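Asks: what's the 3D shape of this:
(chains A and B)
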There are 2 protein chains.
Amino acid sequence: MLDRIMQNPPLRIAVVGGGQLGKMMTMAAKQMGFHVTVLDPTSASPAAQVADRQITADFHDGQAIRQLAADADVITYEFEHIDSAALIALEEGGQPVYPAPQTLRVIQNKLTQKEALAQADIAVAPFMPVAGYAQAKEAGEKYGYPFLLKACTGGYDGKGNALVASEGELADALTSLGDCELMAEAFVPFTCEVSVMVARSVNGDIKSYPLSENEHEENILRRSIVPAQVDDAVAARARAVAEDVMSLFGSVGVFCVEMFVTKEGEVLVNEVAPRPHNSGHYTIESCITSQFEQQVRAICGLPLGATDLLTPAVMINLLGEDGHFGPAMLVGCAEALSLPGVHLHLYGKKQTAPKRKMGHVTVTGKSLAEVEKTAALASHALKVVAQKEDV
Amino acid sequence: MLDRIMQNPPLRIAVVGGGQLGKMMTMAAKQMGFHVTVLDPTSASPAAQVADRQITADFHDGQAIRQLAADADVITYEFEHIDSAALIALEEGGQPVYPAPQTLRVIQNKLTQKEALAQADIAVAPFMPVAGYAQAKEAGEKYGYPFLLKACTGGYDGKGNALVASEGELADALTSLGDCELMAEAFVPFTCEVSVMVARSVNGDIKSYPLSENEHEENILRRSIVPAQVDDAVAARARAVAEDVMSLFGSVGVFCVEMFVTKEGEVLVNEVAPRPHNSGHYTIESCITSQFEQQVRAICGLPLGATDLLTPAVMINLLGEDGHFGPAMLVGCAEALSLPGVHLHLYGKKQTAPKRKMGHVTVTGKSLAEVEKTAALASHALKVVAQKEDV
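Replies: Model (predicted):
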């Protein structure tokens, strides 16, 4: 593909999904002069606001996906809950699709993902498939309580997961997850959760980013701290694991490898996302090459950029306030921006809802202590609320 | 305006001019969630490619400017050669226009600009208005040869300037500049050219950026080096002068103050641009707040961001190669991006022409020596050429 780079018309990238990841990917591509088309069911999606063109259609609309392909030299996607069959068909038709749809298919099912990792001797928590009450009970006996029941497909931000605290909760947990393919996983008593963004280029080069330490509330990422406050040996091990994961899948693009760090300094892979990730947003301001530019470089057959950390960073998600539904408004903007090193990202979503990801703030500075303090002040000032009708 | 920040619909910014400065301003605004409309005569202008909307019309089209105003909470512009009267009319109609059109009017005429600076005791080279041959000859006698003849309005990248080396060249110089308002300026035997980006907020705060050292060829900026290789005392003086200039005009937004540094360490203001500037592109990667985010913060009534330099930088303009006209193609992209710390910006202009500004590269790294070396390699690799019909 290199021979086509930056010709006129410029190399055309298609992104399936117009959310915030698609938006930031598009901005990285537009900076470098690429043409970007976005597919999203919502008109004027966040990505479409900065893209050359949007095709407004459902992700399962075969005709729209073919239309997208016709307008693109390479196709990528910003989330994993899409129809891998449609992408496989495009790829079979000769269209480059990165990351490879076959990899997507393996990863988008948590059970096949874990099986692939375990087969490659990458450390994960013990797991097993669960088809009904008897097997769920068996998992409880095998792993002890609490353990996790997970829907194999479709979950995100904790949706599709249930922590089962005792045998008495088993029936309710099964009911809450509904009639779908399930798996069980042993609960890992971790000391912290970390993630590593890792990229692989068309020619097989792999580069990983510094560790982000992630804090969740109700299974939604709230805060990432970089560098993660772990031993150097743990950090090195986690990056090596992330690179092993990338080698295993052998795909092209940026992946996120989420891991648990145990008291003993062991690193267990929790989940792999085949795309840039919320916990890698800090790379925009803090690394030489952002995860989004890296994704563009990778899928366009360009060399990967350096991943060095320039400054410590704290990333805070701006979630819709509880109880607020409707046209979104950010308050506290002037106060937050008066603090040093505060970088505001608002995604351009028109409607807020409780815990909806509306934007994020990355704070950079000289020391992590200083950055954490500033981030706490910015976080306290900024609220995404619903605009009152009479305002 | 603060009470309207980030409401839904988000604060709407209108940018007159859809070139590369408008594009980078728009990207900074979109990152922060603003709605951006661009006015430009060329459809799918660089800025329009990342904006929410473009109004395709001439800059002198009064109806289009009123339409732009109707779609915006605040109006700004990316270059100074526009009709200040139209902007003054909008401002009188109650529309915030930043920087103030009255300031634009003073600055867009080089003679009134220099008069304003001189009146405020800001050091500039000696100058005088020139109306015809006799006064031009008088200037030659007063300042010695060579001296500069300049068209007072409309010039850029050296167009509208003539260096007069001897009395014998006077007549030709006058003819080449044509029938317009002229001024003469003493030639300053400078040791280097520097510029300082400086911002002023709605509430009067002023922040300047580190000095950029600028190298021109045929009056077009080729390379900026940051920090400029001048004494600390000279750097401090230049920043103080830039802040004085900003105070003098009392306007809102980001200005560029270009200065000559003499052998004696004297700092003379050469030219002021009432907008972000090519020599400030390095701020995107090298400063906490880019000049484009700073412009957005300023015109939207937000606090200014920190201007600290994070890494040394060299910025290289990617100009259309001589002899090449037509559909643009960048060669050497993969080679340049394999070098560490190379940040590629392509503006999305479809046609190249000799010395047309098609993009730029900013190289960052640990030391200026390392960065200069990498920039030389990147510059050697990258060429903007016309795509051959048969490619």
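Asks: Could you check what's spatially nearest to the one residue in the stretch 1-150 of chain A that gets nearest to chain B, not counting adjacent residues?
Replies: When distances are taken as C-beta to the nearest C-beta, the stretch 1-150 of chain A reaches nearest to chain B at residue A:33, 2.6 Å away. All C-beta atoms are positioned from the backbone trio N, CA, C, and that covers glycine. Leaving aside its sequence neighbours, residue A:33 sits nearest to residue B:346 (C-beta to C-beta, 6 or more residues apart in numbering or on different chains; 2.6 Å).
Asks: from memory that neighbour sits against residue B:318, does it?
Replies: Yes: counting by C-beta atoms under 8 Å, residue B:318 is a contact partner of residue B:346 at 7.4 Å.
Asks: Give me the common contacts of these two.
Replies: B:330, B:358, B:359 (C-beta atoms under 8 Å, 6 or more residues apart in numbering or on different chains).
Asks: can you tell me the helix or strand for the residue nearest to the second one when sequence neighbours are not counted?
Replies: The one in question is residue B:358. Here the nearest residue to residue B:358 in space, its sequence neighbours aside, is residue B:384; by C-beta to C-beta, 6+ apart that works out to 4.5 Å. Here residue B:384 is covered by strand B:383-386, with elements defined by DSSP states H and E.
Asks: Who are the packing partners of that strand?
Replies: Applying 3 or more C-beta pairs under 8 Å, 6 or more residues apart in numbering or on different chains; DSSP states H and E, one finds that strand B:383-386 makes contact with strand B:326-331, strand B:351-352.
Asks: so the residue of the stretch 1-150 of chain A closest to chain B is in which element?
Replies: No secondary structure element spans residue A:33, as it lies outside all helices and strands (assigned by DSSP H and E).
Asks: and the gap between it and residue A:12?
Replies: Distance from residue A:33 to residue A:12, counting by C-beta to C-beta, to the nearest Å: 11 Å.
Asks: okay, the two: which has more neighbours?
Replies: Relative neighbour count places residue A:33 above the other of residue A:33 and residue A:12, with 25 against 19, counting by other C-beta atoms under 10 Å in any protein chain shown.
Asks: Quickly find the element holding residue A:207.
Replies: Using DSSP H and E, the secondary-structure element containing residue A:207 is strand A:206-208.
Asks: Tell me the gap between that strand and the middle of its chain.
Replies: Centre-to-centre, strand A:206-208 and its host chain are 17 Å apart (C-alpha atoms, centre = their mean, to the nearest Å).
Asks: any idea which helix or strand comes after it?
Replies: Helices and strands here follow DSSP H and E; after strand A:206-208, the next one along the chain is strand A:212-217.
Asks: Can you list the low-confidence ranges for the stretch 51-200 of chain A?
Replies: Judged against pLDDT under 70, the low-scoring parts of the stretch 51-200 of chain A cover residues A:157-158.
Asks: wait, residue A:106 sits on residue A:249?
Replies: Yes: between residue A:106 and residue A:249 there is a contact at 7.4 Å, judged by C-beta under 8 Å.
Asks: Mind listing the shared neighbours of these two?
Replies: With the criterion set as C-beta under 8 Å, 6+ apart, the overlap between the contacts of residue A:106 and residue A:249 is residue A:116.
Asks: What segments of the stretch 201-350 of chain A are helices?
Replies: If DSSP state H, counting those that start in this stretch is used as the criterion, the helices of the stretch 201-350 of chain A fall at A:232-249, A:283-286, A:291-299, A:333-337.
Asks: Please identify the deepest-packed of the ones you listed.
Replies: Between the helices of the stretch 201-350 of chain A, the one whose residues have the most neighbours on average, counting mean count of other C-beta atoms under 10 Å in any protein chain shown, is helix A:291-299 (a mean of 27).
Asks: residues from the stretch 251-391 of chain A in reach of chain B?
Replies: When proximity is defined as C-beta under 8 Å from any C-beta of the partner chain, the stretch 251-391 of chain A approaches chain B at A:288, A:297, A:301-303, A:305-306, A:310-311, A:327-331, A:333-334, A:337-338, A:340-342, A:344-348, A:350, A:359, A:364, A:387, A:391.
Asks: among those, which ones are buried?
Replies: Those of those that meet the buried threshold are A:288, A:297, A:301-303, A:305, A:310-311, A:327-331, A:333-334, A:337-338, A:340-342, A:344-348, A:359, A:364, A:387, by 16 or more other C-beta atoms under 10 Å in any protein chain shown.
Asks: How confident was the prediction at the nearest residue to residue A:210 once chain neighbours are set aside?
Replies: Once its chain neighbours are removed from consideration, residue A:210 has its nearest residue in residue A:309; the separation is 4.6 Å (C-beta to C-beta, 6+ apart). Residue A:309 carries a pLDDT score of 96 in this model.
Asks: Once you drop chain neighbours, what's closest to the residue nearest the centre of chain A?
Replies: Chain A has residue A:277 as the residue nearest its centroid, 2.7 Å off, counting by C-alpha atoms, centre = their mean. Beyond its immediate neighbours in the sequence, the residue positioned closest to residue A:277 (C-beta to C-beta, 6+ apart) is residue A:256, lying 3.4 Å away.
Asks: Helices of the stretch 51-200 of chain A, start to end?
Replies: Listed in chain order, the helices of the stretch 51-200 of chain A (DSSP H, counting those that start in this stretch) span residues A:62-70, A:84-92, A:101-108, A:110-119, A:133-143, A:170-177.
Asks: Run the angle between the longest one and helix A:170-177 for me.
Replies: Same thing as helix A:133-143. Helix A:133-143 and helix A:170-177 meet at an angle of 110 degrees, taking axes from the mean of the first three to the mean of the last three C-alpha atoms, to 10 degrees as the criterion.
Asks: Next: the first one.
Replies: Here helix A:62-70 runs at an angle of 70 degrees relative to helix A:170-177 (the same axes, to 10 degrees).
Asks: just checking, what packs against helix A:62-70?
Replies: strand A:12-16, strand A:35-40, strand A:53-56, helix A:84-92.
Asks: mind listing what the second one pairs with, with the direction of each?
Replies: Put plainly, it is strand A:35-40. strand A:12-16 (parallel), strand A:53-56 (parallel) (DSSP bridges).
Asks: Point out the most buried one among those.
Replies: Mean neighbour counts for those (mean count of other C-beta under 10 Å) peak at strand A:12-16, with a mean of 25.
Asks: Average pLDDT for that one, rounded please.
Replies: Within the predicted structure, the mean pLDDT of strand A:12-16 is 95.
Asks: what's the angle between it and helix A:84-92?
Replies: Going by the same axes, to 10 degrees, strand A:12-16 makes 160 degrees with helix A:84-92.
Asks: Which elements pack onto the helix or strand following strand A:12-16?
Replies: Following the chain from strand A:12-16 toward its C-terminal end, the next helix or strand by DSSP H and E is helix A:20-31. Here helix A:20-31 is seen to pack against strand A:12-16, strand A:35-40, helix A:291-299, helix B:20-31, strand B:342-346 when contacts are counted using 3+ C-beta pairs under 8 Å, 6+ apart.
Asks: tell me the angle helix A:20-31 makes with strand A:35-40.
Replies: Angular relation of helix A:20-31 and strand A:35-40 on a 0 to 180 degree scale: 170 degrees, by the same axes, to 10 degrees.
Asks: This completes my enquiry, with thanks.
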